[in-house]
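Asks: mind looking at a prediction? Sequence and model below.
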Amino acid sequence: MHEMSIALAVIEQVEEAAERAGDVTAVRSVRLEVGELAGVVPDSLSFCFELACAGTVLEGAELITDTVPGRARCAPCAYEWAVGMPPSLTCPRCDGGTADLLSGRELRVTSVRWDDGTVPAPTREPFVEER
């Protein structure tokens with residue numbers, strides 16, 4: 001299951017970024033772009049991510065995956081289309097067999113939300129129970 005190695009690599013990148021930022025107390029969420037042609041099963045990746053985060057600054061962090069559809073462009077006629085799964089790389093307009101893959105292989109961290117050592121200002125008065 002290569003999803004575990006992907007999860008470990010993502011965690012390592014986020015931990016390094018948190019260390020560079022300094023004073024990060026917890027990572028709340030990590031957002032990934034995952035291309036539909038990247039060969040990654042998002043549910044398996046989420047499961048592995050949760051397991052691999054245990055004992056790290058990412059423990060309890062939410063993994064959000066955004067699927068990027070595969071798209072191709074025909075070299076001869078410049079038509080663009082969604083390649084689908086399994087991918088169809090023959091141009092549906094001219095039947096050309098020379099296509100450039102434009103998207104669908106992505107696997108990148110696009111954002112991280114974390115807490116640092118600062119204490120946020122209260123947003124409302126504290127609730128006081130009357131007895």
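Replies: Good, I have the coordinates. No experiment lies behind these values; they were computed from the predicted model shown.
Asks: and for stretch 28-40, what's in contact with it?
Replies: 2-3, 6, 10, 14, 42, 45, 49, 58, 61-70, 83, 85, 87, 101, 103-115 (CB atoms under 8 Å, 6 or more residues apart in numbering). The way it works is simple: take the backbone N, C-alpha and C, and place the C-beta from them, glycine included.
Asks: hmm, try it at 7 Å
Replies: 3, 6, 10, 14, 42, 61-70, 85, 87, 103-115 (CB atoms under 7 Å, 6 or more residues apart in numbering).
Asks: just stretch 49-65 next, same as before
Replies: Under CB under 7 Å, 6+ apart, the answer for stretch 49-65 is 4, 7-8, 10-11, 14-15, 18, 24, 26-32, 34, 42, 45-46.
Asks: among the contacts of stretch 28-40, which are in strands?
Replies: Within these, residues falling in strands by DSSP state E are 62-68, 103, 107-115.
Asks: so which of the contacts of stretch 49-65 sit within helices?
Replies: Met4, Ala7, Leu8, Val10, Ile11, Val14, Glu15, Ala18, Pro42, Leu45, Ser46 (DSSP state H).
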